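# Kindly generate the corresponding structure for this input.
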Amino acid sequence: MKNTLGTSITLTLFGESHGQYIGGVLDGLPPGLPIDLEYINKQMLLRRPYGRISTSRQEADELQFISGVKNGLSEGTPLTVLIRNENIRPADYDNNLARPSHADYAGQLKYEGYQDGSGGGHFSGRLTAVIVALGAILRQALENKGIMIGSHIKRLYGIEDRNFEDYMKDIITLNGKRFAVLSAETDEQMTRAIEQAAGEKDSLGGILETVILGLPGGVGEPVFDSLESSLAHGLFAIGGVKGVSFGAGFALADMKGSEANDQLAIRDGRVVTLTNHNGGINGGISNGMPVIFSTVIKPTPSIGKKQKTIDYVKMTEEEIEISGRHDPAIIHRARVVVDCLSALVLADVLAQRYGSLWLRS
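Now for the predicted structure:
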C-alpha cells in the first residue's frame, strides 16, 4: 500500500470517511516555516459544502496539530495533523452493494473485505480536507516566494467560463471566491445547472483550469520525473479526477507545428514565449512562463437514481438507490484541493532543486 506522495517533502494520509479521525503527516519541511492558522482556515473554507450545490454533511474541521509545530512555526520534524469526524453515519453504508463508479468493488478486491467501506472509507473525498490543511502551509510559503496558484471552473456540463485575461488579477479574484468562476453570468448558469441536477437526483462534472505564476524556469526533470508527471501524479490522487492536460492539451491534435510551437522572444531583458500552448513546460522542465493545466472532474458517482449493481459478497445482481448526503457536484469544492495539492508538489520539486530551506528564506 502506498499512501505517501513526494520525495523531499512528503505527505502521508490516513483515516476513513466515517472513522473517528482523518489526518496526515507532512515531513521534510524546513524549520521555522510559518504555520498560519488563519490562512489555513481560509483555504479550508473554500472546500466546505454550502447551499443546494453541496452535500448536507457539515464538519467543523478543527485542526489538531499534534507534532512538528511550536509557537506557530514548523520544527523541521514530522508535522502531524488530526481532524475529528463528528457528523458520521456509517449505517448509511451497512450493506455489500457496490455503488456504481465508486471504489467499493475495487477496494473489496484489494483489501479482501477488511476495509472500512463506510462512505468510501480511505477512498473518500473526505480525506481531501487533510490535503487542503497541509497543502495550505506550502501554498502560503510559495506565495511568500512570489509563486501564485489559481483555478477556475472552465467548463461544467457544456457551460463555459471566460478565459484567463490578466493572470494575477484573475487569480486574486478567484482565490477570494467560494464558487471559482471569472464571469458573473457563468456563476449563475453553473449554479442553476447544479441545483437542477440535484433536484433530479443526479450530478454534474466539469473541467478546472489552473494557472501557476512566478515558478522559476529550470524546475523539473526530463523523462520520468518531469514537472508534468509530478503534477499529474499528485492530481490523480484526488478522487474524481479522470484527466489532466497541459497547455492547449488535446487541442494540439488539431494544430500544425507552425501553430502549436511557442516562438521565443526577449521582452525587457527576459526570455518569453509569444504563445503558451505547451503550458510553460518543455522537456519536463519549467521554462519561466505561466504553468497552465486542466483537470477533468467526473460527475459525483453518488446519485439517487435507481442503478444496476451487484452484491459483492452474495455475488448477486441487484439494484441500488443511494441514500445519504452527497454532492450534486464536487468541482467547486475540488478547486482548492487542486490548488493545495499543486502547492505540495511544487514545494517538493523546488526543494529537490534548491533545498527545503529555500522555501523559508
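
# how about residue 25, phi and psi?
Main-chain torsions, residue 25, degrees, to the nearest 10: phi -120, psi 120.

# wait, it sits on residue 15?
No: between residue 25 and residue 15 there is no contact under Cβ atoms under 8 Å: 11.5 Å. For the C-beta atoms, the positions are set from N, CA and C on the backbone; glycine is no exception.

# Of these two, which one has the most company?
residue 15 (23 against 19; other Cβ atoms under 10 Å).

# which strand residues sit across from that one in the sheet?
Counting by DSSP bridges, residue 15 is bridged to residue 22.

# just residue 270 next, same as before
residue 267.

# Residue 272 touches residue 280, doesn't it?
No: between residue 272 and residue 280 there is no contact under Cβ under 8 Å: 10.7 Å.

# can you list residues touching both of those two?
288, 289 (Cβ atoms under 8 Å, 6 or more residues apart in numbering).

# between those two, which one's more packed in?
residue 280 (24 against 15).

# who's in contact with that one?
Applying Cβ under 8 Å, 6+ apart, the residues near residue 280 are 212, 215, 247, 286, 287, 288, 289, 290, 291, 292.

# and with 10 Å instead?
211-213, 215, 217, 227, 246-247, 262, 273, 286-293 (Cβ atoms under 10 Å, 6 or more residues apart in numbering).

# now residue 96
104-105, 108, 113, 117, 310-316, 318.

# Pretty sure residue 176 sits against residue 46.
Yes: look at residue 176 against residue 46 with Cβ atoms under 10 Å: they come within range, at 9.4 Å.

# Those two: which is more packed in?
residue 46 (22 against 10).

# Just give the nearest non-adjacent residue to that one, would you?
residue 336 (3.9 Å; Cβ to Cβ, 6 or more residues apart in numbering).

# Check the secondary structure at that neighbour for me.
Assigned with DSSP: H, G, I helix; E, B strand; the rest coil, residue 336 falls in the helix class.

# Buried residues, the worst-scoring helix or strand of the chain on mean pLDDT. List them.
Every helix and strand in the chain was compared by mean pLDDT, DSSP states H and E; the lowest is helix 104-111, with a mean of 89. Within helix 104-111, the residues that count as buried by 16 or more other Cβ atoms under 10 Å are 104, 105, 107, 108.

# Report the backbone C-alpha coordinates of it in CSV.
The C-alpha atoms that make up helix 104-111 are tabulated as CSV, following Å, rounded to 0.1, in the frame of the first residue of the first chain:
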residue,chain,number,x,y,z
ASP,A,104,-16.4,-0.2,-3.4
TYR,A,105,-15.8,-3.2,-5.6
ALA,A,106,-12.2,-2.4,-6.4
GLY,A,107,-11.5,-1.9,-2.7
GLN,A,108,-13.1,-5.3,-1.9
LEU,A,109,-10.8,-6.9,-4.4
LYS,A,110,-7.7,-5.3,-2.9
TYR,A,111,-8.4,-5.4,0.8
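
# which stretches of the stretch 151-300 of the chain form strands?
Here the stretch 151-300 of the chain has its strands, by DSSP state E, counting those that start in this stretch, at 159-160, 206-213, 241-246, 264-267, 270-273, 281-282, 285-286, 291-297.

# still on that earlier bit, now, which of the contacts of residue 96 sits nearest residue 197?
residue 104 (22.3 Å; Cβ to Cβ).

# mind listing the helices in the stretch 151-300 of the chain by residue range?
For the stretch 151-300 of the chain, helices defined by DSSP state H, counting those that start in this stretch occupy the ranges 167-174, 184-199, 227-235, 257-260.

# which of the ones you listed sits most buried?
The highest mean neighbour count among the helices of the stretch 151-300 of the chain, using mean count of other Cβ atoms under 10 Å, belongs to helix 227-235: a mean of 21.

# Return the list of helices and strands in contact with that helix.
strand 4-5, strand 206-213, strand 241-246, strand 281-282, strand 285-286, strand 291-297, helix 331-354 (3 or more Cβ pairs under 10 Å, 6 or more residues apart in numbering; DSSP states H and E).

# if I look at the nearest residue to residue 231 once chain neighbours are set aside, how far off is residue 305?
The spatially closest residue to residue 231, leaving aside those adjacent along the chain, is residue 345, at 5.4 Å (Cβ to Cβ, 6+ apart). Noted for residue 345: a distance of 36 Å to residue 305, by Cβ to Cβ, to the nearest Å.
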